[in-house]
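# What would the 3D arrangement of this be:
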Amino acid sequence: MSSEPHKALRALARALHYLLSLAVAGLFLLPLWWVLVASLRPPGLPPSVTLEWLPNPQGWSNYLRLFELIPLTTQLRNSLFVELFAVPLTVLTASWAGFAMALSRPPFQRGLVILALLLMMVPSTALWLTRFLLLKNLGLIDTPWALIAPAIAGTSSFYVLLFFWTFRRIPRETLEAARLDGAGVFTLWSRIAMPLARPTGITVAILAFSYYWSDLTSPLLYLRSEEKYTLPVGLQVLQQMDSTSSSLLMAAAVIMLLPVLLLFLILQHSLGFGGQLLRDWTTRLDTSGRK
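Okay, here's the model as predicted:
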């Protein structure tokens, strides 16, 4: 009988935990809902001074209007083309660099970490001229490859450090055991390190997708033809064409937000797999060692 009150308390605590989680999720989703409702308001109306809760069912025509005002289909296609190459390249090169740092000897490793931190402190404006001259000499100006080129260097040293911090947690015994079995560096990276770093890889992919999806500066610097512009440039043109139509601007904001949210919802369930994979590998090594 004494266990029944404890069960009731655990059930109550679990219910309160779920209610608190729903409240926090609702707090973060409220601005997104407000943007969606505002995007469905009739065109020409001033922005609402209060929060509107119910959307206008007839406001979906605002999204069709966007495709009439700007070449949204072409810009969406251009943005997706950049993402198709930039995101995998970012994950690949950043993971390679992070794995190399994790395998380095401590003095050299410390220097690489300091260098990565220093590179994070360099303002992006200081790289514009150098990058422009480099891309111009390579003949990449006015091509989508000019937007994809930073991914060859991992896009940001922050992504490299994320992989480095993840790979450092892999037990040395795991890597040494694989080396004794004849595994090379590429095998260690592909068969052991990357499966264990799946949450980090997904996180870097989402961050890189968001970066390239919302990048406005690079297309303005490196592209000359309007048919090669990406979505952020098109939305900037829309704002200059009609800055008073808040519903159309909100509809454009929803289009910008939707792919990132969908990508996160699709991939977020995989963020907890890395710890389980690490435990499985450790258990497997312990079992083989006992044999």
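
# buried residues in the helix ranked longest in the chain?
Secondary structure of the chain per DSSP state H: the longest helix is helix 3-39. Applying a neighbour-count criterion of 16 or more other CB atoms under 10 Å, one finds 36-39 buried in helix 3-39. Using the backbone N, CA and C atoms, a C-beta is placed for each residue, glycine as well.

# could you point out which element follows it?
helix 61-69 (DSSP states H and E).

# Quick check: buried residues in that following helix?
In helix 61-69, counting by 16+ other CB under 10 Å, buried: 62-63, 66.

# now the following helix or strand past it against helix 61-69, angle please.
Using DSSP H and E, the helix or strand that follows helix 61-69 towards the C-terminus is helix 72-103. In terms of direction (axes from the mean of the first three to the mean of the last three CA atoms, to 10 degrees), helix 72-103 departs from helix 61-69 by 90 degrees.

# Can you give me the buried ones in helix 72-103?
Residues of helix 72-103 classed as buried by neighbour count (16+ other CB under 10 Å): 72, 74-76, 78-79, 82-83, 85-87, 89-91, 93-103.

# what does stretch 222-241 give?
Residues of stretch 222-241 classed as buried by neighbour count (16+ other CB under 10 Å): 222-223, 228-236, 238.

# what about that stretch, start to end distance?
Stretch 222-241 stretches 23 Å from its first residue to its last (CA to CA, to the nearest Å).

# gap between the helix or strand containing L119 and the chain center?
Per DSSP H and E, L119 falls inside helix 106-121. Distance of helix 106-121 from the chain centroid (CA atoms, centre = their mean, to the nearest Å) equals 23 Å.

# And the next helix or strand past it?
helix 128-137.

# avg pLDDT for that following helix?
Model confidence over helix 128-137 averages 91 on the pLDDT scale.

# what's it packed up against?
With contacts taken as 3 or more CB pairs under 8 Å, 6 or more residues apart in numbering; DSSP states H and E, helix 128-137 sits against helix 217-222.

# helix or strand right after the helix it packs on?
helix 231-241.

# I170 in helix, strand or coil?
coil (DSSP: H, G, I helix; E, B strand; the rest coil).

# That one: neighbour count?
19 (other CB atoms under 10 Å).

# Double-check it against A193; I have them as touching.
Yes - using CB atoms under 8 Å, I170 is in contact with A193, at 6.4 Å.

# joint contacts of these two?
Residues touching both I170 and A193 (CB atoms under 8 Å, 6 or more residues apart in numbering) are A102.

# Low-confidence bits of the stretch 51-200 of the chain, can you list those?
Across the stretch 51-200 of the chain, the ranges flagged by pLDDT under 70 are 51-53.

# Can you name the residues in contact with stretch 220-236?
In contact with stretch 220-236 (CB under 8 Å, 6+ apart) are residues 70-72, 74-76, 78-79, 82, 128, 132, 135, 140-144, 146-147, 213-216, 219, 252-253, 255-256.

# Please convert the buried members of the residues you listed into PyMOL selection syntax.
Command for PyMOL that selects the buried part of the contacts of stretch 220-236, burial taken from 16+ other CB under 10 Å:
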select buried, resi 70+71+72+74+75+76+78+79+82+135+140+141+143+144+146+147+213+215+219+252+253+255
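
# what kind of secondary structure is R179 in?
Of the three states, R179 takes helix according to three-state DSSP.

# which residues sit in contact with the residue nearest to it when sequence neighbours are not counted?
Counting by CB to CB, 6 or more residues apart in numbering, L188 is the residue found nearest to R179 once chain neighbours are left out, at 7.2 Å. Under the criterion of CB under 8 Å, 6+ apart, the neighbours of L188 are 99, 175, 178-179.

# Next, L188: phi, psi?
phi -60, psi -40 (degrees, to the nearest 10).

# any idea how far it lies from P88?
According to CB to CB, to the nearest Å, L188 stands 20 Å off from P88.

# got the angle for the helix holding L119 vs helix 72-103?
Using the same axes, to 10 degrees: helix 106-121 against helix 72-103 is 150 degrees.

# List of residues touching helix 106-121?
Helix 106-121 is contacted from outside by 101-102, 104, 156-158, 160-161, 164, using CB under 8 Å, 6+ apart.

# how about those, which pair is most distant?
S104 and S156 (19.9 Å; CB to CB).

# Give me the more crowded residue out of those two.
Neighbours were counted for S104 and for S156 using other CB under 10 Å; S156 has more, 20 against 15.
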